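Enquirer: here you go, sequence then predicted model.
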Amino acid sequence: MAVQPNRFTPTGAVMDKVRGMLANTSIMVTGGTGSFGNAFIRLLLRVAKPRRVIIFSRDELKQFEMQNHPDLKDHDELRYFIGDVRDQARLETAMRDVDYVVHAAALKQVMAAEYNPFECIRTNVHGAENVVRASINVGIKAVVALSTDKAVNPINLYGASKLASDKIFVAGNYVTGKQTTKFSVVRYGNVAGSRGSVLPFFRTLIANGAKKLPITDARMTRFWITLEEGCDFVLTSLGAMEGGEVFVPKIPSLRMVDLATAMAPQLPHDIVGIRPGEKLHEALISDNDGRNTLDRGNYFIIEPDFARVLRPRDYQAGGKRVADDFAYTSDKNSEWLDVASTTRLLKSGVF
Ligand SMILES: NC(=O)c1ccc[n+]([C@@H]2O[C@H](COP(=O)([O-])OP(=O)(O)OC[C@H]3O[C@@H](n4cnc5c(N)ncnc54)[C@H](OP(=O)(O)O)[C@@H]3O)[C@@H](O)[C@H]2O)c1
C-alpha cells in the first residue's frame with residue numbers, strides 16, 4: 001500500500017532542508033531491523049538520497065530477512081552490521097564515515113525489563129552511553145535517540161531506563177569537547193501495530209476465536225501514533241534539532257476500551273486488572289517540564305535548560321512558551337480517537 005502523507009510529513013522548506021542535509025550522506029540506524037527501523041529505512045530511501053544506510057542490530061536472521069525483502073534487496077546503499085549497542089568498539093567500527101545516527105535499538109517490553117533488570121540497563125542505559133561516546137569519538141554530526149512516554153515520571157524499569165537514556169543524550173551535548181556532535185531525543189507514545197504491542201495482541205486473540213478481550217482497566221488511556229507518523233516526525237526533528245531538545249509530537253489519545261470495541265464490536269471485555277509497572281494514563285511532558293516547554297504548532301520541544309548554559313554557543317529555540325504548570329498527559333489530551341475514528345483507521349489499514 002502506498003504511504004499516505006500524514007500530519008508530520010515534512011513539506012516545503014522543512015523537506016528541502018532535510019533532503020539537503022541528508023543527500024549523499026551516510027546514516028546509521030541502531031535497531032534498524034525493528035518495527036521503527038524497517039519503516040524509517042524505507043522512508044530514508046524514498047525521500048532522501050543517502051549514500052549509505054547502515055542497519056545495526058544483533059540478530060542475523062532479522063537482517064537476512066530484511067536484506068532479501070523484495071523492496072529492499074536491490075538497494076546497494078544498504079549495509080548490514082551485526083553488533084550490539086553494549087559494545088562501544090563495534091559501534092565505532094560501524095560508525096566510520098557515518099554522518100547521522102538514529103538510535104532506535106532498545107529492549108522495550110515492560111515485563112521483560114522487570115524480570116531482567118541487568119539486561120535492560122545494559123542495553124538501554126549502557127547502550128545509550130556507548131552511542132554517545134562512539135558518536136563523539138568518530139565525529140558524527142547529529143544523533144537522534146528514540147524515547148517513550150514511559151520515560152516520563154517512570155514507574156517501571158523500562159521507562160526508568162529510557163529516562164536515563166534521554167538524560168544521557170541531552171547531556172551528551174556538554175561533553176563533546178572539540179567535536180560538534182549534536183544529540184536530541186524524540187519522545188512519543190504507543191506505536192499502532194509495532195511488534196509486541198496491544199494491537200497485534202488483540203488481532204491474534206480475535207483470529208484465534210477469543211470469546212472476550214482482556215482490558216486491564218476500563219479507564220485506561222494511551223497516546224497513539226502510527227509508524228509512518230513516528231518516522232516522519234523523527235525526520236522532521238533531525239532537520240530541526242539544535243542539540244539537547246526532547247521533541248514531542250502532538251498526537252491523539254485513545255481509551256483502551258474504545259480500541260477493543262473498534263477491533264471487535266461483538267466481543268465483551270474482560271477487566272483483568274492493571275498489571276505491575278502499568279499506569280492508568282501516560283504523560284509525554286510532565287508538569288515539571290512545562291516551564292521548559294515550547295509549543296511549535298504540531299509538536300512541542302522540551303528545551304535543554306542546562307545545555308543553554310553549558311554549551312559554548314547560544315541555543316536558538318523558537319516557539320510559544322506554554323504555561324509553567326503545563327503537562328501533556330493522555331487523559332487530559334485535547335485530541336481523541338473514538339470508536340468510529342479508530343474503526344476507520346483500522347479499516348483503512350493506517351492502524
Ligand atoms: N513500539 C512502540 O510502541 C514505541 C513507542 C515509543 C518509543 N519506542 C521506542 O522506539 C524504538 C524502536 O522501537 P521498535 O518498536 O522499533 O522496537 P523493536 O521492533 O523491538 O526493535 C528493536 C530493535 O533493536 C534491536 N536491538 C535490541 N537490542 C539491541 C542491542 N543490544 N544492540 C543492537 N540492537 C539491538 C533489535 O534487533 P536485534 O534483536 O536483532 O538486536 C531491533 O532491531 C525503541 O527505542 C523504543 O523504546 C517504541
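Expert: Okay, I see it. Numbers count the residues shown, from 1 in each chain.
Enquirer: OK, contacts around residue 114?
Expert: Taking Cβ atoms under 8 Å, 6 or more residues apart in numbering, we find residue 114 in contact with 156-158, 276-277. In short, each C-beta sits where N, CA and C put it, glycine included.
Enquirer: secondary structure element for the closest residue to residue 75 other than its chain neighbours?
Expert: Nearest residue to residue 75, sequence neighbours excluded (Cβ to Cβ, 6 or more residues apart in numbering): residue 45, at 6.0 Å. Assessed by DSSP states H and E, residue 45 sits inside helix 35-47.
Enquirer: pLDDT score for residue 39?
Expert: As predicted, residue 39 sits at a pLDDT of 96.
Enquirer: now the helices: where do they sit in the protein?
Expert: Remark: helices assigned in the chain by DSSP state H are 12-22, 35-47, 60-67, 88-94, 110-115, 117-121, 127-138, 157-172, 198-207, 227-240, 256-263, 305-310, 339-347.
Enquirer: report the buried residues of the helix holding residue 45.
Expert: Residues of helix 35-47 classed as buried by neighbour count (16 or more other Cβ atoms under 10 Å): 35-45, 47.
Enquirer: surely residue 129 touches residue 168?
Expert: Yes: judged on Cβ atoms under 8 Å, residue 129 makes contact with residue 168 at a distance of 5.5 Å.
Enquirer: near the ligand, which residues of the stretch 251-351 of the chain?
Expert: Residues of the stretch 251-351 of the chain that fall close to the ligand, judged by Cβ under 6 Å from any ligand atom: none.
Enquirer: circling back: filter the contacts of residue 114 to the buried ones?
Expert: Looks like those have 156-158, 277 buried, using 16+ other Cβ under 10 Å.
Enquirer: point out where this protein drops to low pLDDT.
Expert: Within the chain, the ranges that satisfy pLDDT under 70 run 1-2, 306-317.
Enquirer: which residues does the spatially most central residue of it contact?
Expert: The centre of the chain sits closest to residue 146, judged by Cα atoms, centre = their mean, with a distance of 3.9 Å. Going by Cβ under 8 Å, 6+ apart, residue 146 touches 36, 102-104, 106, 185-187, 234.
Enquirer: and if we set it to 10 Å?
Expert: For residue 146, the contact set (Cβ atoms under 10 Å, 6 or more residues apart in numbering) comprises 30-31, 34, 36-37, 40, 102-106, 108, 162, 165-166, 169, 185-188, 191, 230, 234.
Enquirer: for the contacts of residue 114, give me CSV that also has distance to residue 205.
Expert: Converted to CSV, the contacts of residue 114 look like this (distance: Cβ to Cβ, whole Å):
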residue, distance to residue 205
156, 23
157, 27
158, 23
276, 21
277, 22
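Enquirer: who's in contact with residue 6?
Expert: By Cβ under 10 Å, 6+ apart, the contact list for residue 6 reads 225-226, 228-233, 350.
Enquirer: for the ligand, what's its nearest residue on the chain.
Expert: Closest approach between the chain and the ligand, counting by Cβ to the nearest ligand atom: residue 34, at 2.0 Å.
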